[in-house]
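> I'll drop the sequence and a predicted model, then ask my questions.
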Amino acid sequence: MERAQQGPRARYREQTRAEIKDLALRQLAEGGGTALALTRIAKEMGLSGPALYRYFTSRDDLLNALIRDAYDDAAAAMARAAARSAKGSRGVRARLHDLAEAYRAWAVAEPHRYLLLQGAPIPGYVAPPDTLERARAVLGPFLPLFATGNPGPAVAATVDEMTAWLTAEESVRAWVAQYAPEAAEATEPAEAAEVTGAGGAVTAAAAHALAGAVLAWAQLHGSVSLEVAGQFAGMAHRGGTLLGAQMELLADAFGLE
């Protein structure tokens, strides 16, 4: 409806921006971040350099748009996977595997876009602040899974540190509450035990959720980034097999059923 209400000029601008982004993604796929060149894009589109800058003010502005799109697409893929996995009687451990495989599948299918999200695509580039919330949306579906856990000694120090982070930062508490409201409002005695700090009180379940999600992210980032970068070439294992083993170990550490 919103698109239908746009005037011809606005629709043309939107279409041109989309074409520019498509060509930029092709350059990234062919040569990485350093291959991105607005002058080449302008030439392919039959535009002058100044004309292209009416749509994106700089290379960083174009990168910002590509990164926002990639985060949003990855978050949508994770949300769909979480919704599918939550249906039926699948246990929390199985759902963890579902989410991990969905994350890996998106990255393997979109390697050049995934690599945009894993560090600076070009030297000196700094992503805009709003990408933090987008990154949290990708990891959000992991939070309710770990809220149900019973962390063991191997991850106790991480849980303690995540508890301190929760008590100190309201935005982190809001993130956990958004995706795992039952953790923020736990009623079971073991889950509802509160820790109070300078920023307020948090439940043990919220700390478990955050610790698990952060550890899952670290495992996913390490394994998937190696696979996408081609570091597993010539080795006998599949990327999915290695990631599955890592998720099993993480599930064991949090006592997930």
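Received the coordinates, thanks. Residues are numbered from 1 along each chain as shown.
> neighbours of residue 98, just the number please.
Neighbouring residues of residue 98 were enumerated by other C-beta atoms under 10 Å; the total is 19. (Glycine included, C-beta is placed from N, CA and C.)
> so which helix or strand takes in it?
Secondary structure assigned from DSSP states H and E places residue 98 in helix 92-109.
> For that helix, buried residues please.
Along helix 92-109, these residues count as buried under the neighbour rule (16 or more other C-beta atoms under 10 Å): 92-93, 95-104, 106-107.
> what does it contact?
With contacts defined as C-beta atoms under 8 Å, 6 or more residues apart in numbering, helix 92-109 is touched by 73-74, 77-78, 80-82, 84-86, 90, 114, 138, 141-142, 145, 148-149, 216, 219-220, 223-224, 227-228, 239-240, 243-244, 247-248, 250-251, 256-257.
> So which of these sit within helices?
Of these, the ones assigned to helices by DSSP state H are 73-74, 77-78, 80-82, 84-86, 114, 138, 145, 216, 219-220, 223-224, 227-228, 239-240, 243-244, 247-248, 250-251.
> which of those residues count as buried?
The neighbour-count criterion (16+ other C-beta under 10 Å) marks 74, 77-78, 81-82, 85, 114, 138, 145, 216, 219-220, 223-224, 227-228, 239-240, 243-244, 247, 250-251 among the ones in helices among the contacts of helix 92-109 as buried.
> where does this protein dip in pLDDT?
For the chain, applying pLDDT under 70 flags the ranges 1-5, 186-201.
> how much space between residue 245 and residue 239?
Distance from residue 245 to residue 239, counting by C-beta to C-beta, to the nearest Å: 11 Å.
> typo on my end, residue 15
As defined by C-beta to C-beta, residue 15 lies at a distance of 36 Å from residue 239.
> go on, residue 7?
Taking C-beta to C-beta, one finds residue 7 at 47 Å from residue 239.
> now swap in residue 254 and tell me
Residue 254 sits at a distance of 23 Å from residue 239 (criterion: C-beta to C-beta).
> Residue 8 now?
As for residue 8, its distance to residue 239 is 46 Å (criterion: C-beta to C-beta).
> do residue 95 as well
Counting by C-beta to C-beta - residue 95 and residue 239 are separated by 20 Å.
> Could you do residue 150 as well?
Residue 150 is 29 Å from residue 239, by C-beta to C-beta.
> what do you get for residue 152?
27 Å.
> Likewise for residue 36?
Remark: distance between residue 36 and residue 239 (C-beta to C-beta) = 27 Å.
> Check residue 57 too.
In this structure, residue 57 and residue 239 are 38 Å apart, going by C-beta to C-beta.
> ok, now residue 124?
31 Å.
> Residue 93 too?
Distance of residue 93 to residue 239, computed by C-beta to C-beta: 20 Å.
> do residue 74 as well
With the distance defined as C-beta to C-beta, residue 74 ends up 17 Å from residue 239.
> repeat for residue 91
Here the distance between residue 91 and residue 239 works out to 24 Å (C-beta to C-beta).
> Kind regards, and thank you for your time.
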